[in-house]
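**Student:** Show me the folded form of this:
(2 chains)
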Amino acid sequence: MLIATYNVNGVNGRLDVLLRWLSLRQPDIVCLQELKTTDDRFPESELESAGYHAIWHGQKSWNGVAILARDTAPIEVRRGLPGDESDVQSRYIEAEIAGLTIACLYAPNGNPWPGPKFEYKLAWYKRFQAHTKKLLAAGQPTILAGDYNVMPTDLDVYKPERWTEDALFRIEVREAYAKLLKQGWVDAIRARHPTARIYTFWDYFRNAYARNAGLRIDHFLLSPDIAPRLRAAGVDGEVRGWEKTSDHAPTWIELGPAKKAAKPAPAKKQRAKR
DNA sequence: ATGTCCTCTCTTAGAGGA
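**Tutor:** Numbers count the residues shown, from 1 in each chain, chains lettered A, B, ... in the order given. A predicted model of the protein is given here:
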């Protein structure tokens, strides 16, 4: 099963790129961020024609998240990150698909540091941690996919020393991410590629993509029960080189089938497939 | 400071955000 996350930077402005990549890769589940559209302008019919059912949480001009699933409809279980009724930013949506809980998130950018936007980012991460703790306690196989707006370590930045005062690399935010790992979540890309320089984002400025001056800020966190199913993980970096493309590249994981019960009773007849 | 590209509006240029 191929699961992807992709910050599209405007789902309508990038629709051609998105559809081209979907038809090329045929992912089973896709988490989208930065829709930059209201709910009524989400390109539902175009995605349906491409074979994808969707749920989405839009917002005028900014933010916005969606979950797509091929040949099956995502069952929405939550929209909006809990913990602050006054927060109107569309940065979180959660669904059940094929026995998995899929959370699609778009963490705040937080720049400039210091300032209210940075404080909002830290508060958002606190709420996120509280929710992910509950998700772990629920015991369902769960994937947290999206744009975390944090480079977890020096290995995830082309030039770490230049980013120490940036909200994407401030120590407080790296610690917030580390706390998620401490809860038990597994960083899928790092699990498969412990020492490789892997980027998911290249700035539009300064010819960043051609210079490979990138950042790894789009992540998959897996609940511990799913981690053993991880077969592969990577980034479709070439998409960043396409015309009219997002500043992020699609990032993906491949999961093997769910394990059956550990010890099947030998004498018993096998049950019919569900 | 700058670079680029999205979206929206007090709209065809400039502002805000990333």
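**Student:** Return the residues of the stretch 51-200 of chain A in contact with DNA strand B.
**Tutor:** For the stretch 51-200 of chain A, the contact set with DNA strand B under C-beta under 7 Å from any atom of the strand comprises A:60-62, A:108-109, A:111, A:117. From N, CA and C alone the C-beta is placed, and that goes for glycine too.
**Student:** What number of residues are in the vicinity of A:Phe42?
**Tutor:** Counted with other C-beta atoms under 10 Å, the neighbours of A:Phe42 add up to 21.
**Student:** What of the one 5 residues further on?
**Tutor:** With neighbours defined by other C-beta under 10 Å, the count for A:Leu47 comes to 22.
**Student:** A:Ala208 too?
**Tutor:** Taking other C-beta under 10 Å as the definition, A:Ala208 ends up with a neighbour count of 18.
**Student:** what helix or strand does it sit in?
**Tutor:** Take DSSP states H and E as the rule and A:Ala208 turns out to sit in helix A:208-211.
**Student:** List the contacts of that helix.
**Tutor:** When contacts are taken as C-beta atoms under 8 Å, 6 or more residues apart in numbering, the neighbours of helix A:208-211 outside the stretch itself are A:158, A:202, A:214, A:240-241.
**Student:** residues of that helix that come out buried?
**Tutor:** A:208-209 (16 or more other C-beta atoms under 10 Å).
**Student:** following it, which helix or strand comes up?
**Tutor:** From helix A:208-211, the next helix or strand downstream (DSSP H and E) is strand A:214-215.
**Student:** Can I get the following helix or strand past that following strand in PDB, CA atoms only?
**Tutor:** Sequence-wise, the next helix or strand beyond strand A:214-215 is strand A:218-222, with elements assigned using DSSP H and E. In PDB, the C-alpha atoms belonging to strand A:218-222 read as follows (Å, rounded to 0.1, in the frame of the first residue of the first chain):
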ATOM      1  CA  ASP A 218       7.300  16.600   5.500                       C
ATOM      2  CA  HIS A 219       7.200  13.500   7.700                       C
ATOM      3  CA  PHE A 220       5.400  10.300   8.400                       C
ATOM      4  CA  LEU A 221       5.100   9.200  12.000                       C
ATOM      5  CA  LEU A 222       3.900   5.600  12.500                       C
END
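**Student:** Nearest spatial neighbour of the residue nearest the centre of chain A, chain-adjacent residues omitted?
**Tutor:** For chain A, the residue nearest the mean C-alpha position is A:Gly146 (1.8 Å; C-alpha atoms, centre = their mean). In space, and not counting its chain neighbours, A:Gly146 is closest to A:Leu105: 3.8 Å by C-beta to C-beta, 6 or more residues apart in numbering.
**Student:** which helices and strands sit right next to the lengthiest helix in chain A?
**Tutor:** With residue count as the measure and DSSP state H as the assignment, chain A has helix A:116-138 as its longest helix. Applying 3 or more C-beta pairs under 8 Å, 6 or more residues apart in numbering; DSSP states H and E, one finds that helix A:116-138 contacts strand A:100-106, strand A:142-147, helix A:171-183.
**Student:** Including mean pLDDT, could these go into TSV?
**Tutor:** What follows is the helices and strands packed on helix A:116-138, written out as TSV (pLDDT from 0 to 100):
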stretch	mean pLDDT
strand A:100-106	98
strand A:142-147	98
helix A:171-183	97
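**Student:** Sweet, I'm off.
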